[in-house]
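> give me a model of this one.
(3 chains)
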Amino acid sequence: MAVENVSHTLLNWYDRHARQLPWRTPPGSNLRPDPYAVWMSEIMLQQTTVAAVIPYFEKFMARWPTVAALAAADDTDVMTAWAGLGYYSRARNLLACARTVVERHDGHFPPDESVLLALPGIGPYTAGAIAAIAFGLPATVVDGNVERVVSRLYAVNIPLPAARAELRRLTAGITPAVRPGDFAQAMMDLGATVCAPRAPRCLGCPLSVHCRAHAAGTADAFPVKPAKRARPERRGTAFWIERDGHVLLVTRPARGLLGGMRALPTTDWVDKDADGLSETLPGQWQVASTAVRHIFTHFALTLDVAMGNAPHPEMPGEWWPVDNLHEAGLPTVFAKAAAAALAEREQPC
DNA sequence: AAGCCGTGGCA
DNA sequence: TTGCCAAGGCT
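Residues are numbered from 1 along each chain as shown, chains lettered A, B, ... in the order given. As a prediction, the model looks like this:
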């Protein structure tokens, strides 16, 4: 279908329905947003809801207002500030990217999609989004929303992820040369508020007249997705080791799950059916009566919390004041474990 | 190239 | 309660 039909209709809708967001300028504005703010928001928004991002975006922009300020920040301060937002490799890449921009690009984000793509943490979607939104370049921007909107618009029967190439080609076909940033954001707003994953509101959709899936009455059948595998169950034990008003924290290895984050010491987390070792813990421990339950992307965890005193006078890690534990930047699973330990401590048995 | 990588809201 | 999913990137 013609570029003008879809893009003009969508931009008209966006002019009236654009959401006000802290990193946005108004639709049709001649003012372009700060590329640093665009980049910050796009990294935070990767697989993360707008509602979850907003307070973190405000906090980061207030504390590190420029890419130079962020590049000069301590790693631990950035990881701590990111705590709770999830996907912690993003925080490490955020810092690496800021430092690369300062050192290799004179403190300015490059107005070039392929150069952006080479920066840490910036993939095809984010490179296109920054190019279009911050620099007004005619990039093809495809995120999960756009995949859904376009797969319905053209009733694409190929299942994801094999459909990606076709969806990108179709998106490029409707991307206008004018207002590419507004077009990208309009597609994402439409996907978030109208062309929703479940129960799409086709009655209020400006594109329904162009939409093949709507014509067939099967909008909610797209995009076609493969069946997903069952989520494994794992279990483990976290240790609340307290001495003189302080609790022992460790820093997890930089790579892997919760990489680079402060944590309670733990056993390995093993498959639920594996041979147990909880009955062979050395020393004397009081195990919290209620285990912590936490769902990660690719496994579910049941975590016992074992409380005790330091078995050895010197242990590797940080002795963190219990009264200031909220400032340690613990990922949510360990914040839950700490809460369980503290509840148990105040009401033993 | 398919698996890894968090969290919270919602039906 | 359980499953689904959200502005993906990295290896």
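> and the strands in chain A?
Listed in chain order, the strands of chain A (DSSP state E) span A:233-243, A:246-251, A:262-263, A:270-271, A:286-287, A:292-295, A:300-309, A:318-321.
> what strands flank the fifth one, and is each parallel or antiparallel?
Translated: strand A:286-287. When pairing is defined by DSSP bridges, strand A:286-287 lines up against strand A:300-309 (antiparallel).
> for the residue nearest to A:Ala213 when sequence neighbours are not counted, which residues are in contact?
Using C-beta to C-beta, 6 or more residues apart in numbering and skipping the chain neighbours, the partner closest in space to A:Ala213 is A:Arg152 (4.0 Å). Quick note: C-beta positions are derived from backbone N, CA and C, even for glycine. The contact partners of A:Arg152, taken as C-beta atoms under 8 Å, 6 or more residues apart in numbering, are A:Cys195, A:Pro200, A:Cys211, A:Arg212, A:Ala213, A:His214, A:Ala219, A:Phe222, A:Pro223.
> ok, the residues you listed vs A:Gly86, which is closest?
A:Pro223 (23.8 Å; C-beta to C-beta).
> how many neighbours does the closest one have?
21 (other C-beta atoms under 10 Å).
> just give me the neighbour total for the closest residue to it other than its chain neighbours.
Excluding its sequence neighbours, the residue lying closest to A:Pro223 (C-beta to C-beta, 6+ apart) is A:Ser151, at 3.9 Å. The number of residues packed near A:Ser151 is 27, by other C-beta under 10 Å.
> hang on, A:Ser151 packs against A:Ala163?
Yes - with contacts counted by C-beta atoms under 8 Å, A:Ser151 reaches A:Ala163, the gap being 6.6 Å.
> give me the common contacts of the two.
A:Pro223, A:Val224.
> reformat the strands of chain A as JSON lines; add mean neighbour count.
Shown next, in JSON lines, are the strands of chain A (neighbours: other C-beta atoms under 10 Å):
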{"stretch": "strand A:233-243", "mean neighbour count": "19"}
{"stretch": "strand A:246-251", "mean neighbour count": "18"}
{"stretch": "strand A:262-263", "mean neighbour count": "20"}
{"stretch": "strand A:270-271", "mean neighbour count": "12"}
{"stretch": "strand A:286-287", "mean neighbour count": "15"}
{"stretch": "strand A:292-295", "mean neighbour count": "14"}
{"stretch": "strand A:300-309", "mean neighbour count": "19"}
{"stretch": "strand A:318-321", "mean neighbour count": "14"}
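> so who does the residue in the stretch 201-349 of chain A positioned nearest to DNA strand C touch?
Of all residues in the stretch 201-349 of chain A, the one sitting closest to DNA strand C is A:Lys228 (5.7 Å; C-beta to the nearest atom of the strand). By C-beta under 8 Å, 6+ apart, no residues touch A:Lys228.
> state the distance from it to A:His298.
A:Lys228 sits 10 Å away from A:His298, going by C-beta to C-beta, to the nearest Å.
> same check, this time on A:Gly128
Plainly put, A:Gly128 is 27 Å away from A:His298 if you go by C-beta to C-beta.
> higher neighbour count, those two?
A:Gly128 (28 against 9).
> wait, the more buried one touches A:Ala184, no?
Yes - with contacts counted by C-beta under 8 Å, A:Gly128 reaches A:Ala184, the gap being 7.4 Å.
> mutual contacts of the two, please.
Taking C-beta under 8 Å, 6+ apart as the contact rule, the neighbours common to A:Gly128 and A:Ala184 are A:Ala139, A:Val141.
> what residues does the closest residue to A:Gly317 other than its chain neighbours make contact with?
Closest residue to A:Gly317 apart from its sequence neighbours, by C-beta to C-beta, 6+ apart: A:Val250 at 4.4 Å. Contact analysis of A:Val250 by C-beta under 8 Å, 6+ apart lists A:Arg262, A:Ala263, A:Leu264, A:Pro265, A:Pro316, A:Gly317, A:Glu318.
> what about the fifth one, how many neighbours?
So that's A:Pro316. A:Pro316: 9 neighbours (other C-beta under 10 Å).
> for stretch A:222-233, C-alpha coordinates in PDB please.
The C-alpha coordinates for stretch A:222-233 follow below in PDB (Å, rounded to 0.1, in the frame of the first residue of the first chain):
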ATOM      1  CA  PHE A 222      -0.900 -11.800  14.800                       C
ATOM      2  CA  PRO A 223       2.000 -11.800  15.100                       C
ATOM      3  CA  VAL A 224       2.300 -15.600  14.800                       C
ATOM      4  CA  LYS A 225       4.600 -16.900  17.500                       C
ATOM      5  CA  PRO A 226       6.200 -20.300  18.200                       C
ATOM      6  CA  ALA A 227       5.200 -22.300  21.200                       C
ATOM      7  CA  LYS A 228       7.500 -21.500  24.100                       C
ATOM      8  CA  ARG A 229       9.200 -24.000  26.300                       C
ATOM      9  CA  ALA A 230       8.300 -24.600  29.900                       C
ATOM     10  CA  ARG A 231      10.100 -22.600  32.500                       C
ATOM     11  CA  PRO A 232      12.500 -24.700  34.600                       C
ATOM     12  CA  GLU A 233      12.300 -24.700  38.400                       C
END
